[in-house]
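Novice: Pasting the sequence and the predicted model now:
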Amino acid sequence: MAPNPRVMNAFRAMKAIGINEDKVKPVLKRLLKLYDKNWELIEEENYRVLADAIFDEDDSKGENFTDEAEVHDEPERPLKRLRSRSQEGQSSQSMMRGTSLRKPKLDDEGKLGANSLQRSPDMMKLQPGPSDSQSTQVRHAYKGKEPLLPQVSPREKRPIVERPSHGVQFKDREVDPDSVLIPKQKVVDSYALIKPKDEPFTDDLPPDDVPRYEAPIAVIRPDSFSKEDISGRSFLTGKPDDQEPPASHFGTEEDRGDSVPASSSSRRANSELAPVLEESPANLEIASSSLGEVKISLSCNSLLGRPNFHMPSQDELLKSTQEKCLRSYKIFDSNFSVMQMLKDMCDCFLELATDSSRESQERLMNVIPSISALKRSAAYSALGVGGVKGSNCIPVNISNGSIDIHCSSEVAAPQMPRQIKPISEDAHCSANGSTESNGGRELRDPESCSLVVVPQHQLTFEELRSLHDFNDITKGEEVIEISWLNEINNECPPPFMYIPQNVVFQNAYLRFTLSQINAEDCCSTCIGDCLSSTTICVCACETGNEFAYTSEGLIREDFLEECISMTRDPQRQCLSYCKACPLERSKNDEILEPCKGHLKRKYIKECWSKCACHKRCGNRVVQRGIRCKLQVFFTPEGKGWGLRTLEKLPKGTFVCEYIGEILTNKELHERNVQRTRGTNNEWHTYPVLLDAYWFLKGALKEEEALCLDATFYGNVARFINHRCLDSNLIEIPVKVETPDQHYYHLAFFTAREVNALEELTWDYGLDFDDDDHPVEVFKCLCSSKFCRNMKRPNRSKSALR
Ligand SMILES: C[S@@+](CC[C@H](N)C(=O)[O-])C[C@H]1O[C@@H](n2cnc3c(N)ncnc32)[C@H](O)[C@@H]1O
């Protein structure tokens, strides 16, 4: 029978550290039996378990003949020290992995002791320190060897968890600082062999006549060297981390005094090793939480033996990671920082790991809607909370059926409630933390003393969902966060559901099928970026065989100017007339008026899923979503909420799409009728008609005459206010998924360069003289010199585009 390759590998690995087959065989057999043939456990960390079991056996044999005195006077202990590199300075890494293998301790019968195999670091932390007598035994057992687990010695009774560093820590015990050397360049696989410095250094393998001394006497890891040791260096600063000892230091200064002292001799050893260590860093700290409690390290152990290994600089590493992230995850925010993300990860870890009730209380405060937000929802009246104009918060005291929230005047922080923890319908909590009956719903941890209570029957789930997170009104729906801010009063944005893509309300006919897209509607032979292709891409046909976008992702100047003048210049404006205008049909009048005309527009055709080009092809802009830094803000001029940019935007930048529910024109008409009858809402969203191509079909079917309404479902475009004629945005139809003319995206691009903090506006195309539309009019406050409403400030009807 062919020998089991795993057995052969084990032999080979042991041979590499000087243990011959005869010795390996019986121990291996026992381990296999013990582990139920679980080879993985044996093979882990380059057969560490096996090696240690062999050493154990050696030791236990040896110990039969030693007493305490002999142990201490044992100067000629082994020449070599076996050490897994993965232990070197890897405490935090091990902790992250959450596993650590403790060597199996075989009892007399060759069985595992109760605690022999421990994989949980928590378990290890909880391990009590042995009593003095126990520790003596432990010292016997480990005499001359590094224990594989943080065994707690009398001088290390302090639990590991108390130490500033964390994770699995391997203790250097009985180390003679002068006696060890790590010949890093002679790495065999992942082991570093350590040889007493003052003994003749012959080769890496022990002489055959000293088999007992294969067991190592001591170990020095890179991070147990002085602070100049690169492996203990903070990668962030390039300086040693002086906030705390490296993760693999054991115990306090005094502790180290008799284990691994920072003695002159150890320093001597270090300085001798310095050139080697400089070339062989093992563990690099790359990020940490603000106070250094949590750290992220990179370990490159398996690279150390490679001749071409060199340590990348911090800049190199960050730059390359950043580029990779930007490429892979489509992050277009120029402020994105890998380093920040890693620090955030440390902070999150710390937060989760130390979740204090105070923190969770603060977090909860931010998820409660302010009264102004509630006021806008139908739920407000049902809440029975008195008006608090001038206050950003719902009153602090808990009274039956009311809401408790503490809130500073600057922080109007209504957010999406993320965690609603119904405790009891009848419970609320008084300031001292006791629970009282209130018929409400508790929104936070019952342990904290100030509870937030919202009457359960008042706010529906839908209503809660429509309240806005002031950090990100998009609720994470967009690639980029969009905050909202009111520096004028205590209003909150009106409730609506944020959606990043249009959704069909009910009857609109929309088919995005691949079969519907013909060869002439997609570039099925393009490769990579269509913009840089030399052949003409079919997707550019609609725009005169030239793409509408530049390689910078802006709209081509001439195309943009054409669109602007077709929309704004009365001389260039071109109306098309449909045969049976859906607008007229929806009125259900006896006699249909003739079509009043629809503005003709140029449109952009973007590459899409059936195109063979790359997803990041330059002819895909609108479909990537919002990339500019925007903010919803309360306008000082009395227009209500508006949208502004927080960064300078070049001319031709894509800002956002008008997103809303896709309605048929009939459905919209019905809504409008309802709207005028319904609540007297000051701020109306203005639905847009997707009417640019209505004229193309003889008689458009009802379900093909489409429009977008952002009143209930929409994106930030619903906040863009109107400006007569010289608005800084221009809307352009963009075709993406379907070649059908009756559906397209309406995208806003900057019509000129826009400065940071400038309000973004578009011309709704309102005819302030047209009394024929049911949507409530507003007094135009656009302050444009071309304002069409200037001479008629008191008009009460407006037009709907
Ligand atoms: C699409 S919404 C814009 C967002 C709105 N300002 C809000 O607070 O939700 C349109 C409404 O904003 C207001 N509005 C927009 N442009 C305006 C302007 N130029 N002057 C006055 N009010 C304006 C009108 O009330 C209009 O009905």
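Specialist: Done, it's in.
Novice: What helices and strands are in contact with the longest helix seen in the chain?
Specialist: Counting residues, the longest helix in the chain under DSSP state H turns out to be helix 39-63. In terms of contacts (3 or more CB pairs under 8 Å, 6 or more residues apart in numbering; DSSP states H and E), helix 39-63 is packed against helix 5-16, helix 21-34, helix 132-142. Where you see a C-beta, it was placed from the backbone N, CA and C, and this is true even at glycine.
Novice: mind redoing it with 10 Å?
Specialist: helix 5-16, helix 21-34, helix 68-72, helix 132-142 (3 or more CB pairs under 10 Å, 6 or more residues apart in numbering; DSSP states H and E).
Novice: State the mean pLDDT of the last one.
Specialist: To tie it back to what came earlier, the one meant is helix 132-142. Averaging pLDDT along helix 132-142 gives 34.
Novice: swap in the second one?
Specialist: For helix 21-34, mean pLDDT is 87.
Novice: what about the residue of the stretch 451-600 of the chain found nearest the ligand, which SS state?
Specialist: With CB to the nearest ligand atom, the shortest gap between the stretch 451-600 of the chain and the ligand falls at Pro494, namely 5.7 Å. Under DSSP: H, G, I helix; E, B strand; the rest coil, Pro494 falls in the coil class.
Novice: Could you check how far it is from Glu584?
Specialist: 31 Å (CB to CB, to the nearest Å).
Novice: more crowded one of these two?
Specialist: The neighbour count for Pro494 versus Glu584, taken as other CB atoms under 10 Å, is higher for Pro494 (20 against 17).
Novice: Residue ranges in this protein under the pLDDT threshold?
Specialist: 1-2, 61-283, 300-307, 325-336, 355-466, 676-684, 771-776, 791-801 (pLDDT under 70).
Novice: re the thing from before, where does the residue of the stretch 451-600 of the chain closest to the ligand fall, phi/psi-wise?
Specialist: Note on Pro494: backbone dihedrals following degrees, to the nearest 10 are phi -60, psi 150.
Novice: Repeat that for Val734.
Specialist: phi -130, psi 130.
Novice: ok, it - how many residues close by?
Specialist: 20.
Novice: ok but Asp347 is inside a helix, no?
Specialist: Yes: applying three-state DSSP, one finds Asp347 inside a helix.
Novice: List the contacts of the residue nearest to it when sequence neighbours are not counted.
Specialist: Computed as CB to CB, 6 or more residues apart in numbering, the closest residue to Asp347 that is not its neighbour in sequence is Ser289, at 5.0 Å. Residues in contact with Ser289 (CB atoms under 10 Å, 6 or more residues apart in numbering) are Lys295, Ile296, Lys343, Asp344, Met345, Cys346, Asp347, Cys348, Phe349, Leu350, Glu351.
Novice: Out of those, which comes closest to Gln501?
Specialist: Asp344 (28.0 Å; CB to CB).
Novice: Provide the secondary structure category for the closest one.
Specialist: Following three-state DSSP, we place Asp344 in the helix state.
Novice: How much space separates it from Arg627?
Specialist: Taken as CB to CB, the span from Asp344 to Arg627 is 21 Å.
Novice: the more surrounded of these two?
Specialist: With neighbours defined as other CB under 10 Å, Asp344 and Arg627 compare such that Arg627 has more, 20 against 14.
Novice: How about stretch 706-726, which residues are buried there?
Specialist: Buried residues in stretch 706-726, counting neighbours by 16 or more other CB atoms under 10 Å, are found at 706-724.
Novice: Near the ligand, list only the ones from those.
Specialist: Arg718, Phe719, Asn721, His722 (CB under 6 Å from any ligand atom).
Novice: What about Pro650, how many residues nearby?
Specialist: Around Pro650 sit 12 other residues, with neighbours defined as other CB under 10 Å.
Novice: Spit out the contact partners of it.
Specialist: So, once contact is read as CB under 10 Å, 6+ apart, Pro650 ends up touching Glu552, Gly553, Leu554, Thr750, Arg752, Glu753, Val754.
Novice: Name the nearest residue to Ser533, ignoring sequence neighbours.
Specialist: Cys526 (6.0 Å).
Novice: Kindly report the same for Arg723.
Specialist: Thr761 (3.6 Å).
Novice: ok but the one you found is inside a helix, no?
Specialist: No: going by three-state DSSP, the assignment for Thr761 is strand, not a helix.
Novice: Show me the beta-bridge partners of it.
Specialist: Asn721 (DSSP bridges).
Novice: for Glu661, same thing?
Specialist: Beta-bridge partners, per DSSP bridges, of Glu661: Val503, Asp709.
Novice: Quick check: phi and psi at the closest residue to the ligand within the chain.
Specialist: Going by CB to the nearest ligand atom, the ligand is nearest to Gly640 of the chain, at 2.6 Å. Per-residue torsions, Gly640: phi 80, psi -150 (degrees, to the nearest 10).
Novice: And for it, the neighbour number?
Specialist: Count around Gly640 with other CB under 10 Å applied: 17.
Novice: so it sits right up against Pro493, yeah?
Specialist: Yes: in this structure Gly640 lies within contact range of Pro493 using CB atoms under 10 Å: 9.4 Å.
Novice: Would you mind listing what in the protein touches the ligand?
Specialist: Residues of the chain lying near the ligand (CB under 6 Å from any ligand atom): 494, 639-642, 683-686, 718-719, 721-722, 778, 780-782.
Novice: so how far is Glu737 from the nearest residue to Cys522 once chain neighbours are set aside?
Specialist: Once flanking residues are discounted, Cys522 sits nearest to Lys610: 4.1 Å by CB to CB, 6+ apart. Noted for Lys610: a distance of 9 Å to Glu737, by CB to CB.
Novice: Which of those two has more residues huddled nearby?
Specialist: For Lys610 versus Glu737, neighbours defined as other CB under 10 Å are more numerous around Glu737 (20 against 17).
Novice: who touches the more buried one in this structure?
Specialist: Counting by CB under 10 Å, 6+ apart, Glu737 has contacts 510-514, 516-517, 606, 608-610, 623, 743-745.
Novice: ditto for Cys578
Specialist: Residues in contact with Cys578 (CB under 10 Å, 6+ apart) are 584, 594-598, 691, 693-700, 705.
Novice: just Ile720 next, same as before
Specialist: By CB under 10 Å, 6+ apart, the neighbours of Ile720 are 630, 632, 641-644, 655-656, 658, 685-686, 710, 727, 729, 731, 748, 759-762, 764.
Novice: Just the buried ones out of the residues you listed, please.
Specialist: 630, 632, 641-644, 655-656, 658, 685-686, 710, 727, 729, 731, 748, 759-762, 764.
Novice: Okay, and which of these map to strands?
Specialist: The strands, defined by DSSP state E, take in 630, 632, 641-644, 655-656, 710, 729, 731, 748, 759-762 from the buried ones among the contacts of Ile720.
Novice: Is it possible to mark the buried ones in the contacts of Pro650?
Specialist: If we count by 16+ other CB under 10 Å, the contacts of Pro650 have these buried: Gly553, Leu554, Thr750, Val754.
Novice: Let's have these in CSV, adding distance to Asp59 and secondary structure.
Specialist: Listed next are those as CSV, based on distance: CB to CB, whole Å; DSSP: H, G, I helix; E, B strand; the rest coil:
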residue, distance to Asp59, secondary structure
Gly553, 68, coil
Leu554, 73, coil
Thr750, 76, strand
Val754, 76, strand
